[in-house]
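>>> structural data only, the sequence is not supplied:
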Ligand SMILES: Nc1ncnc2c1ncn2[C@@H]1O[C@H](COP(=O)(O)OP(=O)(O)OP(=O)(O)O)[C@@H](O)[C@H]1O
């Protein structure tokens, strides 16, 4: 019998005894009350003893074994509980009569889940029974019952299987969220630092237009990172990785971050540095982020603190206010570096840090040195390889020979600098009832226009030089 059941029946025996005692107090004279009280006490002790003996014998002779998985341990939430819950909910719903509908991801539609208190499961031909038990104080636990014969199979392998399955379903169904930081004036007792919305960006590595080899390299790096728990533990380093995305506007930096989040099912924390007053606020914000997340600082060059100009500014500011004063009123490079590879990086596991910039040359070398930003990824102007991916995305045209105009476009792309965003915009015109031919012609026109512009700019530069030396 379960502990909860024992307490239940013991509780009702006690309630009866108390009721009896209250009645006796009203009816019997004082001298008799003491004798009756002693009698009731000894009766109660015998009852408890009998209960324990009965429990013992039930357990001794029952061929069934029970394991309890409480929802929370003394101080923390028991993660096995939610994994078991998810696993049981996911078991085939065909035979279940009670179902619960819930929305997981917009794209994944409505999910029907089993919603029953007792569930039978079969593992390698062995029957097991799960039951959710709610105690009188509201605490819940899952009770797993199985035959003693299967004890080693269930304890060594089945339980592990259930928890692993449950966890992987949780990861798969996790709704990715996009967080943005609130200014500290809106924080309430360490809460409300971040606001979030559901992240529904459809970008994927498949639709990302870039050199396929480079794409493959990034993909395998990300996958190795997300599977790297043991590796990072072994080498004694915090489980984090930094990516620096650089390139001209419209080349896909933000799109790549979305593709990363969708690939790994990580949340995105879009850190707006202008809303952060100083290093201490930065530290609070970063320690409030969860693991399995991508922390993004876009256009990092736009903050003078992290550029080469920092040194100039630091000197003049030191002259005027003194260093401490400055640190209190701004986020400094050292504050950020502290987070990236200092003690704060160890506060959270499995995090990716991404910086984006349009001007790599402006950044302070300390910020982007290898080891801090592990991978420097250049997103460049549209190449022919990238164009083919866009043509497949937008026009369903696949391969070099997909359309006779491809050859012309290839030549123009080799001579012209155009962002994938500009090419995509022309191809998108197809959505507005323009046919494939016209859409490709739009690309060609834009490319020719760009080419002419570039030519005339080069001419102007040449003339300037000529005047200087002439
Ligand atoms: N490499 C790419 N692959 C697919 N689509 C792209 C790519 N680059 C740009 N795009 C398209 O152009 C739009 C703008 O691109 P995105 O915002 O990712 O560029 P960015 O490099 O972050 O620009 P910025 O530096 O101005 O922030 C995207 O919504 C996407 O549709």
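Noted; the coordinates are in hand. Just so you know, these numbers come straight off a predicted model, no measurement behind them.
>>> domains in this protein, by residue range?
1-61, 63-173, 177-378, 384-469 (automatic domain parsing).
>>> save those domains as JSON lines, and put in mean pLDDT and mean neighbour count too.
Where C-beta positions appear, they are placed from N, C-alpha and C, glycine not excepted. As requested, the domains of the chain are exported to JSON lines (pLDDT from 0 to 100; neighbours: other C-beta atoms under 10 Å):
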{"stretch": "domain 1-61", "mean pLDDT": "62", "mean neighbour count": "12"}
{"stretch": "domain 63-173", "mean pLDDT": "78", "mean neighbour count": "14"}
{"stretch": "domain 177-378", "mean pLDDT": "83", "mean neighbour count": "17"}
{"stretch": "domain 384-469", "mean pLDDT": "89", "mean neighbour count": "15"}
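>>> put together TSV for these, with distance to the ligand on each row.
Shown next, in TSV, are those (distance: least, C-beta to the nearest ligand atom, whole Å):
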stretch	distance to the ligand
domain 1-61	56
domain 63-173	18
domain 177-378	3
domain 384-469	3
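>>> list the contacts for the residue positioned nearest the centre of the chain?
When C-alpha atoms, centre = their mean is applied to the chain, the residue found nearest the centroid is residue 266 (3.1 Å). Counting by C-beta atoms under 8 Å, 6 or more residues apart in numbering, residue 266 makes contact with 176, 260, 292-294, 352.
>>> ok, 6 Å please
Taking C-beta atoms under 6 Å, 6 or more residues apart in numbering as the criterion, residue 266 is in contact with 292-294.
>>> again, but for residue 90
Contacts of residue 90 (C-beta under 6 Å, 6+ apart): residue 169.
>>> quick one: residue 47 is in a strand?
No - read with DSSP: H, G, I helix; E, B strand; the rest coil, residue 47 is helix and lies in no strand.
>>> any idea how far it is from residue 40?
According to C-beta to C-beta, to the nearest Å, residue 47 and residue 40 sit 10 Å apart.
>>> what's the answer for residue 69, then?
For residue 69, the distance to residue 40 - C-beta to C-beta - is 38 Å.
>>> could you do residue 459 as well?
110 Å.
>>> in space, what's closest to residue 225 - neighbours in sequence excluded?
Among residues not flanking residue 225 along the chain, residue 241 sits closest, at 4.9 Å (C-beta to C-beta, 6 or more residues apart in numbering).
>>> wait, residue 335
Nearest non-adjacent residue to residue 335, counting by C-beta to C-beta, 6+ apart: residue 279, 3.2 Å away.
>>> how close does the one you found get to residue 336?
Taking C-beta to C-beta, one finds residue 279 at 8 Å from residue 336.
>>> same check, this time on residue 22
69 Å.
>>> quick one, what contacts residue 165?
residue 87.
>>> does residue 145 sit in a helix, a strand or a coil?
strand.
>>> correct me if wrong: it contacts residue 127.
No - at 9.3 Å, residue 145 does not count as touching residue 127 under the criterion of C-beta atoms under 6 Å.
>>> show me where the stretch 51-200 of the chain has its helices.
79-90, 151-153, 159-173 (DSSP state H, counting those that start in this stretch).
>>> turn the ones you listed into JSON lines, including distance to residue 332.
Formatted as JSON lines, the helices of the stretch 51-200 of the chain follow (distance: least, C-beta to C-beta, whole Å):
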{"stretch": "helix 79-90", "distance to residue 332": "37"}
{"stretch": "helix 151-153", "distance to residue 332": "58"}
{"stretch": "helix 159-173", "distance to residue 332": "36"}
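>>> quick one: closest of those helices to residue 205.
Each of the helices of the stretch 51-200 of the chain was scored for nearness to residue 205 using C-beta to C-beta, and the closest is helix 159-173 (17.6 Å).
>>> angle of that closest one against helix 79-90?
70 degrees (axes from the mean of the first three to the mean of the last three C-alpha atoms, to 10 degrees).
>>> run the chain-centre distance for helix 159-173.
Relative to the centre of its chain, helix 159-173 is centred 16 Å away, using C-alpha atoms, centre = their mean, to the nearest Å.
>>> repeat for stretch 252-263
With C-alpha atoms, centre = their mean, you get 14 Å for stretch 252-263.
>>> residues in contact with it?
Contacts of stretch 252-263 (C-beta under 6 Å, 6+ apart): 176, 201, 203-205, 208, 245, 268, 294, 296, 354, 356, 379, 420.
>>> please apply the same query to stretch 228-236.
Under C-beta under 6 Å, 6+ apart, the answer for stretch 228-236 is residue 239.
>>> same question for stretch 178-189.
Contacts for stretch 178-189 (C-beta under 6 Å, 6+ apart): 192-197, 199, 268-272, 275, 281, 285.
>>> 10 Å instead, please
Here stretch 178-189 makes contact (C-beta atoms under 10 Å, 6 or more residues apart in numbering) with 192-201, 258, 261, 267-278, 280-282, 284-286, 288-290, 293-296.
>>> these two touch, right, residue 333 and residue 372?
No - using C-beta atoms under 10 Å, residue 333 makes no contact with residue 372, being 11.2 Å away.
>>> list residues touching both of those two?
residue 366.
>>> hang on, the earlier thing: which of the contacts of stretch 178-189 fall in strands?
If you go by DSSP state E, the contacts of stretch 178-189 have 194-198, 267-270, 293-296 in strands.
>>> turn those into a markdown table, columns for distance to residue 80.
Shown next, in a markdown table, are the ones in strands among the contacts of stretch 178-189 (distance: C-beta to C-beta, whole Å):
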| residue | distance to residue 80 |
| --- | --- |
| 194 | 28 |
| 195 | 31 |
| 196 | 27 |
| 197 | 31 |
| 198 | 27 |
| 267 | 23 |
| 268 | 28 |
| 269 | 28 |
| 270 | 33 |
| 293 | 23 |
| 294 | 27 |
| 295 | 29 |
| 296 | 33 |
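>>> now for these: which two are most distant?
198 and 295 (18.6 Å).
>>> and residue 402, what does it touch?
388, 391-392, 395-396, 436.
>>> repeat the analysis, applying 7 Å as the threshold.
residue 391 (C-beta atoms under 7 Å, 6 or more residues apart in numbering).
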